[in-house]
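Peer 1: Here is my input; please provide its structure:
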Amino acid sequence: MQDKTDAAIITAGKLSAYGGGASAFFFGMTASEFAAIVGAVVAVTGLAEQWWFNRRRDKREHAEHEMRMRSYGGTD
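Peer 2: Now for the predicted structure:
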C-alpha cells in the first residue's frame, strides 16, 4: 500500500513540476514572442505537409508515366 502511495506522490510531483515549468514558459512570453513561436510552428507544419503531398504526387505521376510507357511499347 505504501508503494502505491509513494508512486502516486512521485507522479503528482512530476506533473506539478512539468505543469509549473510549462506555465512559466507560456505565461512568461509576450504576445509577440508567442506569435513568433506559433508562426514558426505553422511554417514548419506547412513545409512538412508540402513535402508529404509532393512526395505522394511524385509517386503517383511516376506510376502513371510507367503505365503510359508500357502502353506505348506493347507492340513488341
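Peer 1: how near is residue 38 to residue 9?
Peer 2: To residue 9, residue 38 is 35 Å away according to Cβ to Cβ, to the nearest Å. Heads up, the C-betas are built off the backbone N, CA and C, glycines and all.
Peer 1: what about the residue most central in space within the chain, which helix or strand?
Peer 2: For the chain, the residue nearest the mean C-alpha position is residue 45 (6.7 Å; Cα atoms, centre = their mean). If you go by DSSP states H and E, residue 45 is part of helix 31-72.
Peer 1: Quick one: mean pLDDT for that helix?
Peer 2: Average pLDDT, helix 31-72: 91.
Peer 1: from the chain's centre, how far out does it sit?
Peer 2: 14 Å (Cα atoms, centre = their mean, to the nearest Å).
Peer 1: helices and strands around it, which ones?
Peer 2: With contacts taken as 3 or more Cβ pairs under 8 Å, 6 or more residues apart in numbering; DSSP states H and E, helix 31-72 sits against no other helix or strand.
Peer 1: Tell me, what's the model's pLDDT at residue 75?
Peer 2: pLDDT, residue 75: 50.
Peer 1: Find the residue closest to residue 37 in space, skipping its chain neighbours.
Peer 2: residue 29 (7.4 Å; Cβ to Cβ, 6 or more residues apart in numbering).
Peer 1: for that neighbour, phi and psi?
Peer 2: Here is the backbone geometry of residue 29 (degrees, to the nearest 10): phi -90, psi 150.
Peer 1: Can you give me the distance of it to residue 38?
Peer 2: Taking Cβ to Cβ, one finds residue 29 at 10 Å from residue 38.
Peer 1: ok, now residue 60?
Peer 2: For residue 60, the distance to residue 38 (Cβ to Cβ) stands at 33 Å.
Peer 1: what do you get for residue 21?
Peer 2: For residue 21 relative to residue 38 (Cβ to Cβ), the value is 19 Å.
Peer 1: What is the burial count for residue 37?
Peer 2: Residue neighbour count, defined by other Cβ atoms under 10 Å, stands at 13 for residue 37.
Peer 1: now swap in residue 29 and tell me
Peer 2: Using other Cβ under 10 Å: residue 29 sits among 13 other residues.
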